[in-house]
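In: please work out how this folds:
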Amino acid sequence: MAELITVDDPDDPRLGDYTGLTDVELRRRREPAEGLFIAEGEKVIRRAANAGYEMRSMLLSAKWIDVMRDVIDEATAPVYAVTPALAERVTGYHVHRGALASMQRKPLPDVGTLLSPAQGTVRRVAVFEDIVDHANLGAAFRNAAALGVDAVLLTPRCADPLYRRAVKVSMGSVFHVPWTRLASWPEDVGLLRGAGFTTAALCLSDTSITLDELVARQHEKLALVFGTEGDGLTPEALALADTHVRIPMDAGVDSLNVAAASAVAFYATRVVSA
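Out: Sure thing, here's the model as predicted:
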């Protein structure tokens, strides 16, 4: 059972994991370097724990202690009880959900391991190139979990899916979809091709086929590749992809937000991998 500790000093070093949560650049550097991430809210904390992430500590306001009692009883990490005002001073924002947990990251698998048949059937993967908006990335992970994508690959410059905002938007889906980072992009398209995947780049090129046409081809293994907000996929990635795919649009709209586009593509190709 975790030790429940009342803290009334915002400068208490034991609260160090929770300081400056609104400083995106600081947290993006600090959290991976220190091997931690922040889970916010009861559901997300529970999902992180259920996914096997080790808890470093929890930060709770008084009204959440009873709600989280079973988690507290099972945890071995310290639980810090604070007032909402103190939590705001430490984190830099009003913690609406009243519950935060600092969790230990797991080592990321290499791409070969993630795609290996030893990991189970991996027939459909998503590749996200340089998506920098944490909300978009979190939504895309939620789509991947809901629509049965087997794995997610991120390019080196992609946002951190374990950053607090991404985790929150995904509702903890980032804990359940296997994922890793590619070491070299777009050269690592070769790893996908070597594992038997057809790479389909979502774009508006002159040579693109429709999503329906892609589905009709019934590829045994399919990697759907999505580009960054605004600019889309890089020319280098487009040149290495096996095929270009577009989602037909009406009413003068040329494209969808990357999170929406991923939902459409994941749903449309779900029949292929069923």
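In: dump stretch 145-155 to PDB, restricted to CA.
Out: Provided in PDB are the C-alpha atoms of stretch 145-155 (Å, rounded to 0.1, in the frame of the first residue of the first chain):
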ATOM      1  CA  ALA A 145      -6.800   1.700 -31.100                       C
ATOM      2  CA  ALA A 146     -10.500   1.900 -31.900                       C
ATOM      3  CA  LEU A 147     -10.100   0.700 -35.400                       C
ATOM      4  CA  GLY A 148      -7.700  -2.200 -34.900                       C
ATOM      5  CA  VAL A 149      -4.400  -0.800 -36.200                       C
ATOM      6  CA  ASP A 150      -1.700  -3.300 -35.200                       C
ATOM      7  CA  ALA A 151       1.200  -0.900 -34.600                       C
ATOM      8  CA  VAL A 152       2.200   2.800 -35.000                       C
ATOM      9  CA  LEU A 153       5.600   4.000 -36.200                       C
ATOM     10  CA  LEU A 154       6.700   7.600 -35.600                       C
ATOM     11  CA  THR A 155       9.400   9.500 -37.500                       C
END
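In: contacts for it, please.
Out: Identification of contacts with stretch 145-155 by CB atoms under 8 Å, 6 or more residues apart in numbering yields 111, 114-115, 120-131, 140-141, 143-144, 161, 170, 173, 176-182, 185-186, 188, 192, 223, 263, 266-267, 270, 273. (Glycine included, C-beta is placed from N, CA and C.)
In: next: stretch 43-61.
Out: For stretch 43-61, contacts defined as CB under 8 Å, 6+ apart pick out 2, 14-15, 17-18, 36, 39, 68, 71-72, 74-84, 87, 90, 95, 98-106, 167-168, 171-172, 175-176.
In: buried ones in it?
Out: Neighbour-count burial for stretch 43-61, counted by 16 or more other CB atoms under 10 Å, picks out 44-49, 53, 55-61.
In: please apply the same query to stretch 125-134.
Out: Neighbour-count burial for stretch 125-134 [16+ other CB under 10 Å]: V125, A126, V127, F128, E129, D130, I131, D133, H134.
In: surely V215 touches R270?
Out: No. V215 lies out of contact with R270 (CB atoms under 8 Å); the separation is 9.4 Å.
In: follow-up on the earlier one: which of the buried residues of stretch 43-61 fall within strands?
Out: In strands, judged by DSSP state E, the following of those are found: M55, R56, S57, M58, L59, L60, S61.
In: what's the most distant pair in the residues you listed?
Out: R56 and S61 (18.6 Å; CB to CB).
In: low-confidence regions, this protein specifically.
Out: By pLDDT under 70, the weakly predicted segments of the chain are 1, 119, 251-252, 271-274.
In: so where do the helices sit in it?
Out: 24-34, 42-50, 69-74, 84-91, 111-115, 134-146, 164-170, 189-194, 211-217, 235-240, 258-273 (DSSP state H).
In: mind giving me the packing neighbours of the fourth one?
Out: Using 3 or more CB pairs under 8 Å, 6 or more residues apart in numbering; DSSP states H and E as the contact criterion, the neighbours of helix 84-91 among helices and strands are strand 55-61.
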